[in-house]
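Trainee: need a 3D model of the following:
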Amino acid sequence: MKLIPLPAFEDNYIWLLHNGSHALVVDPGDAQVVQDALSRLNLKLDAILLTHHHGDHTGGVDELRDATGAQVFGPLNEDMPEPLLRVQDGGFCGALGLPFSVLEVPGHTRGHIAYYCDKISLENHDSDGQDEGILFCGDTLFSGGCGPIV
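Mentor: The predicted structure is shown next:
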């Protein structure tokens, strides 16, 4: 698997995880950034993982879902672009053949969630050949606070 940060807006990243032919994206606020990467890398988008409802994380969902047919996963207790499969703490979702466990991480928003996969091997990451975990947490981690709670 390869993990690629896609810069978006002035201060965001959309995360693209792929296996060379299929991909998932996390919090695609800008559809064009994702579509450009998918085209450049010749990837099919299978899944979209959403951590919270803010537009800079959900703004590209409708366009990407309509263009690719990707399955969308998102928090149970957030106002999200429909349709999507809602997930909650203790649950799982599958994407790229990987099981992602869902963790509630309220703080930045009340219904914020994160996705964790404990066994993944990243080609472009310096590891000792061991499987490692990966966490997609949206805006849960900030250097200077948690931003406004809305």
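Trainee: just give me the longest helix of the chain.
Mentor: helix 31-41 (DSSP state H).
Trainee: need the next SSE after that one, C-terminal direction.
Mentor: Sequence-wise, the next helix or strand downstream of helix 31-41 (DSSP states H and E) is strand 44-49.
Trainee: now do the residue nearest to the spatial centre of the chain, the pLDDT please.
Mentor: Closest residue to the average C-alpha location of the chain: V26 at 1.6 Å, with C-alpha atoms, centre = their mean. Looking at V26, its pLDDT reads 97.
Trainee: and for C146?
Mentor: On the pLDDT scale, C146 is placed at 48.
Trainee: quick check: bridge partners of V25?
Mentor: In this structure, V25 bridges to L16, I48 when assessed by DSSP bridges.
Trainee: go on, L85?
Mentor: Going by DSSP bridges, L85 forms beta bridges with F73.
Trainee: okay, now it: neighbour count?
Mentor: The number of residues packed near L85 is 11, by other C-beta atoms under 10 Å. Placement of C-beta: from N, CA and C, glycine included.
Trainee: what residues are up against it?
Mentor: Residues near L85 by C-beta atoms under 8 Å, 6 or more residues apart in numbering: Q71, V72, F73, G74, C93.
Trainee: what separation do you get for it and L49?
Mentor: L85 sits at a distance of 10 Å from L49 (criterion: C-beta to C-beta, to the nearest Å).
Trainee: quick one: common contacting residues for those two?
Mentor: Residues touching both L85 and L49 by C-beta under 8 Å, 6+ apart: F73, G74, C93.
Trainee: isn't there a helix covering L64?
Mentor: Yes: the assignment for L64 is a helix, going by DSSP: H, G, I helix; E, B strand; the rest coil.
Trainee: can you tell me the element the nearest residue to C137 once chain neighbours are set aside falls in?
Mentor: Nearest non-adjacent residue to C137, counting by C-beta to C-beta, 6 or more residues apart in numbering: A114, 4.1 Å away. Applying DSSP H and E as the criterion places A114 in strand 113-120.
Trainee: what pairs with that strand, parallel or antiparallel?
Mentor: According to DSSP bridges, strand 113-120 forms sheet pairs with strand 98-104 (antiparallel), strand 132-136 (antiparallel).
Trainee: nearest to H54, out of those strands?
Mentor: H54 lies closest to strand 132-136 among those, at 14.8 Å (C-beta to C-beta).
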